[in-house]
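[1] sequence unknown, structure follows:
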Ligand SMILES: *Cc1c(COP(=O)(O)O)cnc(C)c1O
């Protein structure tokens, strides 16, 4: 059976540009790194794993004396579930700061694992104020762990993990951070934030391909959790101990994704590290923000709380606009945007991460203008009275 992907010869193919939160557009060299079949016990492959683990600590500027990087098969959610399911004791109590779908996913995870869970919540277009975490911890001595999402990819809003982390540390609780969509581009000040466990995955800002998640853990906190895992495959401590013992994954590793990631880490260093990468994303975000504003689109977020990872825009307030035909027409032109995820407003999203350059973003803006014309929506867009 043939699909669209079969119709082009490999030597001349050109993939669509992915303006999504992952999987992302990757460099040709990252893809080429996967053209190898390696044995999971091969010494060269074990060295790749070792270099990935130490490379991740370097990206975060963490000392290997106090911190470690644990790799876990699966998508980012598997990495989060390995942390939530492994590091909270049987009588533990998790507080989740929720301002989007990924915060809600952490709550659901805890419920399914039968872990006691509470929330503090804020609207999806606002960061979590540290004071609400402080009030929650002050009112309940039993809360042992606090979790927050660094960049809520639902909207693109940034949470201040340093300020929230300072509160968590003052109360002596364990701090978990979902930095899935930000790690490698938006640095975290680990000393200020006092993070114990931070989770990200292979296919976000490191610009690798999907296949595994990774957990940066404070070793003392990790080792204190031995025996608490609620899953065999997602046992974070056992995975760490396996990696330390013989350098291998306990179960089949995603060899190709690891080869790609090893190359992606090199390319991150070549670009100048997380600060340079974050700066590229921010430059491209601004091109989109200005270009979309010029067409009359309205951003879902205020500029002050907007991060460099992904932006949300309200649907144009015009009867001829429907998301699906808009999306499909952009896709035919080689540009893949992303549906919205916020619950209180009709939005679509444009991601700024992945191996995309200024020309890709300028091309997307031209394509959006062209498609609006095609579907009969005037540009500039009619001024909307809609506020939410
Ligand atoms: C992408 C993402 C995840 C994980 O999603 P997967 O589909 O499991 O990879 C979790 N949290 C945030 C904030 C994300 O952006």
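    Perfect, I can see it now. Computed from a predicted model, the values in this text were never measured in an experiment.
[2] how near is residue 360 to residue 350?
    11 Å (CB to CB, to the nearest Å). C-betas here are computed from N, CA, C, even on glycine.
[3] neighbour count: those two, which is higher?
    With neighbours defined as other CB atoms under 10 Å, residue 360 and residue 350 compare such that residue 350 has more, 24 against 18.
[4] A strand includes the more buried one, no?
    Yes - with DSSP: H, G, I helix; E, B strand; the rest coil as the criterion, residue 350 is assigned to a strand.
[5] which strands and helices lie in contact with the helix ranked longest in the chain?
    As assigned by DSSP state H, the longest helix anywhere in the chain is helix 273-295. Secondary-structure packing of helix 273-295 (3 or more CB pairs under 8 Å, 6 or more residues apart in numbering; DSSP states H and E): helix 255-271, strand 310-314, helix 358-375.
[6] quick one, which of these is nearest to the ligand?
    Closest to the ligand of those, according to CB to the nearest ligand atom: strand 310-314, at 8.2 Å.
[7] just the endpoints, please. Distance across stretch 93-108?
    Counting by CA to CA, to the nearest Å, you get 14 Å between the two ends of stretch 93-108.
[8] close to the ligand, is that stretch?
    Yes - counting by CB under 6 Å from any ligand atom, the ligand is contacted by stretch 93-108 at residue 102.
[9] per-residue confidence at residue 341?
    Listed pLDDT for residue 341 reads 86.
[10] for it, phi and psi?
    phi -130, psi -10 (degrees, to the nearest 10).
[11] show me what contacts it?
    By CB atoms under 8 Å, 6 or more residues apart in numbering, the contact set of residue 341 is 100, 101, 153, 154, 155, 349.
[12] contact partners for the second one?
    Under the criterion of CB under 8 Å, 6+ apart, the neighbours of residue 101 are 152, 154, 341, 343.
[13] let me know which of the helices and strands packed on helix 273-295 is tucked in deepest.
    strand 310-314 (a mean of 24; mean count of other CB atoms under 10 Å).
[14] between it and helix 273-295, how many degrees?
    Here strand 310-314 points in a direction 20 degrees away from that of helix 273-295 (axes from the mean of the first three to the mean of the last three CA atoms, to 10 degrees).
[15] residue 327 contacts residue 335, correct?
    No - with contacts defined as CB atoms under 8 Å, residue 327 does not count as touching residue 335, sitting 9.5 Å away.
[16] okay, the two: which has more neighbours?
    Neighbour totals were compared for residue 327 and residue 335, and residue 335 leads with 23 against 17 (other CB under 10 Å).
[17] how close does that one get to the ligand?
    20 Å (CB to the nearest ligand atom, to the nearest Å).
[18] nearest residue to residue 180 other than its sequence neighbours?
    residue 76 (4.5 Å; CB to CB, 6 or more residues apart in numbering).
[19] and that neighbour, how far is that from residue 368?
    28 Å.
[20] repeat that for residue 63.
    For residue 63, the distance to residue 368 - CB to CB - is 46 Å.
[21] rewinding a little: taking the contacts of residue 101, please make a PyMOL selection of just the buried ones.
    Typed into PyMOL, the next command selects the buried ones out of these (criterion: 16 or more other CB atoms under 10 Å):
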select buried, resi 152+154+341
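[22] can you flag which of the contacts of residue 101 belong to strands?
    residue 152 (DSSP state E).
[23] relative to residue 375, which of the contacts of residue 101 is nearest.
    Distance to residue 375, by CB to CB, is smallest for residue 341 among the contacts of residue 101, at 22.8 Å.
[24] enumerate the residues of the stretch 51-200 of the chain near the ligand.
    Residues of the stretch 51-200 of the chain lying close to the ligand (CB under 6 Å from any ligand atom) are 75, 76, 77, 102, 149, 153, 178, 180, 181.
[25] which ChimeraX command selects the buried ones in these?
    Buried subset of these, written as a ChimeraX selection, criterion 16+ other CB under 10 Å:
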select :75,76,77,102,149,153,178,180,181
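[26] what element comes up after the strand or helix carrying residue 131 heading to the C-terminus?
    Using DSSP states H and E, the element containing residue 131 is helix 130-139. Using DSSP H and E, the helix or strand that follows helix 130-139 towards the C-terminus is strand 145-149.
[27] mind listing the helices for the protein?
    28-32, 43-59, 76-87, 101-112, 130-139, 161-170, 190-193, 219-223, 236-246, 255-271, 273-295, 323-332, 358-375.
[28] between the ones you listed, which one is nearest to residue 211?
    With CB to CB, the closest approach to residue 211 among the helices of the chain belongs to helix 255-271: 2.7 Å.
[29] near the ligand, anything from the closest one?
    No - judged by CB under 6 Å from any ligand atom, helix 255-271 makes no contact with the ligand; its nearest approach is 12.3 Å.
[30] ok and that helix relative to helix 273-295, angle-wise?
    Using the same axes, to 10 degrees: helix 255-271 against helix 273-295 is 80 degrees.
[31] name the helices or strands packed onto helix 255-271?
    helix 28-32, helix 43-59, strand 212-218, helix 273-295.
[32] show residues contacting the second one.
    Judged by CB under 8 Å, 6+ apart, the contacts made with helix 43-59 from elsewhere in the structure are 38-39, 63-64, 67-71, 183-184, 206, 214, 216, 243, 246-249, 253, 255, 258-259, 261-262, 265, 268, 273-274.
[33] buried among these? Need that as a selection in ChimeraX.
    The ChimeraX command for the buried members of those (criterion: 16+ other CB under 10 Å) is given here:
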select :67,68,69,70,71,183,184,206,214,216,243,247,249,253,255,258,259,261,262,265,268,273,274
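[34] mind checking how far residue 273 is from the ligand?
    21 Å.
[35] OK, contacts around the nearest residue to residue 90 once chain neighbours are set aside?
    Nearest residue to residue 90, sequence neighbours excluded (CB to CB, 6+ apart): residue 228, at 6.8 Å. Remark: with contacts taken as CB under 8 Å, 6+ apart, residue 228 is in contact with 86, 87, 88, 89, 90, 237.
[36] kindly report the same for residue 285.
    306, 308, 311, 352.
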